[in-house]
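Q: With the sequence up front, the predicted model follows.
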Amino acid sequence: MTSIDRAQHDKLANAIRGLAMDGVEKAKSGHPGLPMGAADIAAVLFTRVMSYDASDPRWPDRDRFVLSAGHGSMLLYALLYLTGTPGMELDDLKLFRQLESKTPGHPENFMTTGVETTTGPLGQGLATAVGMAMAERMLAADFGKKVVDHRTYVLASDGDLMEGISQEAIALAGHHKLNKLIVLWDDNGISIDGPLSISDSVDQVARFKACGWRAERVDGHDPDAIEAAIRRAQKSSKPTMIACKTVIGFGAPKKAGTSKAHGEPLGAEELTAAKQKLGITGGAFEVAAEVLKAWRAHGTAGVAARRDWQDRFAALSERKRGEFARRLGHTPPAKLDKAILAHKKVLVAAPQAVATRKASELALEAIIPIMPELVMGSADLTPSNNTRVKAAEDFTPKTPKGRYIRYGIREHGMAAAMNGINLHGGFRTAGGTFLVFADYARPSMRLAALMGLPVVYVMTHDSIGLGEDGPTHQPVEHLASLRSMPNMRVFRPADTIETAEAWQYALEHTKGPTVLALSRQNLPQLRTDATVKNRSATGAYELLPAEGGKAQVSLFASGSEVELAVNARKLLAEKGVRARVVSVPSLELFLEQDEATQNAVIGSAPVKVAVEAGVRFGWDAIIGREGSFVGMHSFGASGPYKEVYKHFGITAEAVAEAAIKRHNG
């Protein structure tokens, strides 16, 4: 046990409480209850347990701390200031929840040094931490425990455990025996509506145990008990949940233990009384000099451990050190471009008419041998998503070098875990499901876009083309919905070569996530070129020019409907109408190109027709309000896919008819 007596500990914890109260009060907004109630837990972690060097908060082998209860962000900001983390000054705490400050309402890893992941949507931090623990185990398998040996600690709230994603996450962690994952539950029994008992009666300790965790209860205001529980957890062969019984708003005379302490400032009178009760002296945002000095000493306690790690890291070969740095920086392998080009040449030499989900598998067979950090997986749809190459090995407790994760039917948990793997560093992730089930994964996908994480989503069965499974499984609005998400790339390739180029773009793009929307049905290979240039990387390009003169019609399409546009071009030619075909694998990426590029691709043909087996939303940016759209205007229907296409009027004949109607009108 660490030699910090109770009086010392109380001063350290109360410094967190005081700053949290002051920050929320000054902002007139925020959540003081959790920081006040969980201050003892946080103080134990940062002064007795964690391997953390405040002077280098991105040190690769640091312990990770995830505040899943992101609404209690002042707790984290106070810790960063008290430990001396660079970039977090007292003035930053005074700007809590102000525009462009380093102390936003919920932690944002792209705004604040020392924040491991963006949290706020409850359950996300816990589920993301599962991915971090997976990455730690995989990276240790690759580079050895001498350079990768750390833990991930999570502070979770009642709300984190009530959200459905928590079940997916803890089941996954328990199955994989992620024993370096330790969750401390701030068990305060209060939610916004009042006592937790009015809405929930789950025995969380029993629940975690049922999912393969070690779990126990402790007094969340007894620092020695908390530390002892953590020490036991560190020796466990399972992940651990420690239920820390706390009082929300600890120290507030009237509001402690009530929902009034949760999400609003205490008020000047209650704040003053709380400080008096806790023995906190001085004015707003003041920390006693000796307390701050003690905190800063704890902030540098990890310096020796970091330097020891640097010595061990230096002992690796130059090649291994370079590879470690490349992978932590998410730098694509130097051979990626050559691998994609060689693959495209093979396809040109021997064209393949396959579904783009199969085309994706073919691309992965070329990519994975030169990209060992690419971790694939699927939400129990591996044979349908085609995400597992022939030589793949599963990631299991006994095979940590495996790079294929069986996520089970847990789309939401999968997407969050992929975020955590990417945030940890050392790996890129791609996970598969059906496009319609993006709805299950969307909150985690949105956070990936917000954080700029280069996650790849392999989403197959991308339209009514999946046929017999019917409207419950046929995505209609999903392409438009995902395209509208800021910083999300959506590719819907038309054939094998576009699929390879979509993968190339996704892996070279390191500032945000990418969706690959892939077909179930076979498609012809339309591209016959294998140039170095990635033609799909601008989002759209002319696939076929008009023949016999200037184009009278421009046909725009994505994915499986590019084939329809090509066939419609032939039908129009038979009627003496000159048409060109523009493939649009990524609509929103194309709309981000400069005006000259857009104008060149859109062209000057007076008639513009778009065809896509989805809703029209977004296409007017290319075809205009006067343009014709052939697509979906309702949900789909069950039946053989060719019949379903005809039923909804998405055919080459319909595209040609729409063009002629405009041309003659």
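A: Looks like it arrived, so ask away. Residues are numbered from 1 along each chain as shown.
Q: How about the contacts made by the residue nearest to residue 521 when sequence neighbours are not counted?
A: By the measure of C-beta to C-beta, 6 or more residues apart in numbering, the closest residue to residue 521 outside its immediate chain neighbours is residue 465, 4.6 Å from it. Every residue, glycine included, has its C-beta placed from N, CA and C. Residues counted as contacts of residue 465 (C-beta atoms under 8 Å, 6 or more residues apart in numbering) are 519-521, 560, 613, 641, 644-645.
Q: helix, strand or coil for residue 465?
A: Assigned with DSSP: H, G, I helix; E, B strand; the rest coil, residue 465 falls in the helix class.
Q: and the gap between it and residue 6?
A: Per C-beta to C-beta, to the nearest Å, residue 465 is found 67 Å from residue 6.
Q: Repeat that for residue 529.
A: As judged by C-beta to C-beta, residue 529 and residue 6 stand 74 Å apart.
Q: again, but for residue 280
A: 16 Å.
Q: more crowded one of these two?
A: A count of neighbours by other C-beta atoms under 10 Å puts residue 280 above the other of residue 280 and residue 6, at 23 against 10.
Q: Give me the pLDDT value at the nearest residue in space to residue 177 that is not next to it in sequence.
A: Nearest non-adjacent residue to residue 177, counting by C-beta to C-beta, 6+ apart: residue 397, 4.5 Å away. Residue 397 carries a pLDDT score of 98 in this model.
Q: Residue 397 contacts residue 173, correct?
A: No - counting by C-beta atoms under 8 Å, residue 173 is not a contact partner of residue 397; they are 11.2 Å apart.
Q: Look at these two and report which has more neighbours.
A: When residue 397 and residue 173 are compared for neighbours, residue 173 comes out ahead with 29 against 12, by other C-beta under 10 Å.
Q: Enumerate every residue touching the more buried one.
A: Counting by C-beta under 8 Å, 6+ apart, residue 173 has contacts 130, 133, 181, 211-213, 239.
Q: Helix, strand or coil: sort out residue 377 for me.
A: Secondary structure for residue 377, judged by three-state DSSP, is strand.
Q: what about the residue nearest to it when sequence neighbours are not counted, which SS state?
A: Once flanking residues are discounted, residue 377 sits nearest to residue 405: 3.6 Å by C-beta to C-beta, 6+ apart. What three-state DSSP gives for residue 405 is strand.
Q: Next one: residue 526 from residue 493, what distance?
A: From residue 526 to residue 493 the distance is 10 Å (C-beta to C-beta).
Q: So between the two, which is more surrounded?
A: Neighbour count, other C-beta under 10 Å: between residue 526 and residue 493, residue 493 has more, with 31 against 20.
Q: which residues sit in contact with the residue lying closest to that one once chain neighbours are set aside?
A: Of all residues not flanking residue 493 in the chain, residue 499 sits nearest, at 4.3 Å (C-beta to C-beta, 6+ apart). Going by C-beta under 8 Å, 6+ apart, residue 499 touches 356, 359-360, 362-363, 493, 516, 518.
Q: Now the helix or strand hosting residue 499: average pLDDT?
A: In the assignment (DSSP states H and E), residue 499 maps to helix 496-508. Helix 496-508 carries an average pLDDT of 98.
Q: And the helix or strand just after that helix, how far out from the chain middle?
A: For helix 496-508, the succeeding helix or strand toward the C-terminus, using DSSP H and E, is strand 514-517. Distance of strand 514-517 from its chain centroid, counting by C-alpha atoms, centre = their mean, to the nearest Å, is 14 Å.
Q: low-confidence ranges in the protein?
A: 1-2 (pLDDT under 70).
Q: Restrict the lengthiest helix in the chain to CA atoms and write it as PDB.
A: The residue-count maximum for a helix in the chain (DSSP state H) belongs to helix 6-27. The C-alpha trace of helix 6-27 is given here as PDB (Å, rounded to 0.1, in the frame of the first residue of the first chain):
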ATOM      1  CA  ARG A   6      -5.800  10.000   5.200                       C
ATOM      2  CA  ALA A   7      -5.300  13.600   6.000                       C
ATOM      3  CA  GLN A   8      -2.900  14.000   3.000                       C
ATOM      4  CA  HIS A   9      -5.300  12.100   0.800                       C
ATOM      5  CA  ASP A  10      -8.300  14.300   1.800                       C
ATOM      6  CA  LYS A  11      -6.400  17.400   0.900                       C
ATOM      7  CA  LEU A  12      -5.500  16.000  -2.500                       C
ATOM      8  CA  ALA A  13      -9.100  14.900  -3.200                       C
ATOM      9  CA  ASN A  14     -10.600  18.100  -2.000                       C
ATOM     10  CA  ALA A  15      -8.400  20.100  -4.400                       C
ATOM     11  CA  ILE A  16     -10.300  18.200  -7.200                       C
ATOM     12  CA  ARG A  17     -13.600  19.000  -5.500                       C
ATOM     13  CA  GLY A  18     -12.900  22.600  -5.000                       C
ATOM     14  CA  LEU A  19     -11.700  23.200  -8.600                       C
ATOM     15  CA  ALA A  20     -14.700  21.300 -10.000                       C
ATOM     16  CA  MET A  21     -17.200  23.300  -7.900                       C
ATOM     17  CA  ASP A  22     -15.600  26.600  -8.900                       C
ATOM     18  CA  GLY A  23     -15.400  25.700 -12.600                       C
ATOM     19  CA  VAL A  24     -19.100  24.700 -12.800                       C
ATOM     20  CA  GLU A  25     -20.200  27.700 -10.700                       C
ATOM     21  CA  LYS A  26     -18.300  30.200 -12.900                       C
ATOM     22  CA  ALA A  27     -19.600  28.700 -16.100                       C
END
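Q: Identify each buried residue in that helix, please.
A: 8-27 (16 or more other C-beta atoms under 10 Å).
Q: cool, stretch 448-456 as well?
A: In terms of neighbour count (16+ other C-beta under 10 Å), stretch 448-456 has its buried residues at 448-451, 453-456.
Q: Same question for stretch 135-143.
A: Under 16+ other C-beta under 10 Å, the buried positions of stretch 135-143 are 135-143.
Q: Can you name the residues in contact with it?
A: With C-beta under 8 Å, 6+ apart as the test, stretch 135-143 has contacts from 148-152, 178, 180, 316, 320, 324, 372, 375, 395, 400-401, 403, 420-421, 424-427.
Q: Return the subset of those residues lying in strands.
A: The members of the contacts of stretch 135-143 that map onto strands under DSSP state E are 152, 375.
Q: Are any of the contacts of stretch 135-143 buried, and if so which?
A: Buried by 16+ other C-beta under 10 Å: 148, 150-152, 178, 180, 316, 324, 375, 395, 400, 403, 420-421, 424-427, out of the contacts of stretch 135-143.
Q: ok, of the buried residues of stretch 135-143, which one's closest to residue 336?
A: Nearest to residue 336 out of those is residue 142 (C-beta to C-beta; 18.8 Å).
Q: State the number of residues packed around residue 308.
A: Residues near residue 308, counting by other C-beta under 10 Å, number 12.
Q: The residue lying closest to residue 581 once chain neighbours are set aside: what's it in contact with?
A: Leaving aside its chain neighbours, residue 581 sits nearest to residue 544 (4.3 Å; criterion: C-beta to C-beta, 6+ apart). Residue 544 is in contact with 566, 569, 580-581, counting by C-beta under 8 Å, 6+ apart.
Q: Only alpha carbons, please: show the host helix or strand of residue 442 as CSV.
A: If you go by DSSP H and E, residue 442 is part of helix 438-451. Provided in CSV are the C-alpha atoms of helix 438-451 (Å, rounded to 0.1, in the frame of the first residue of the first chain):
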residue,chain,number,x,y,z
ALA,A,438,-25.0,1.2,-39.5
ASP,A,439,-28.0,2.3,-37.4
TYR,A,440,-26.8,0.1,-34.6
ALA,A,441,-23.2,1.4,-34.8
ARG,A,442,-23.9,5.0,-35.6
PRO,A,443,-23.1,6.7,-32.2
SER,A,444,-19.6,5.1,-32.2
MET,A,445,-19.2,6.0,-35.9
ARG,A,446,-20.1,9.6,-35.1
LEU,A,447,-17.5,9.8,-32.4
ALA,A,448,-14.9,8.4,-34.8
ALA,A,449,-15.8,11.2,-37.3
LEU,A,450,-15.7,13.7,-34.5
MET,A,451,-12.3,12.5,-33.3
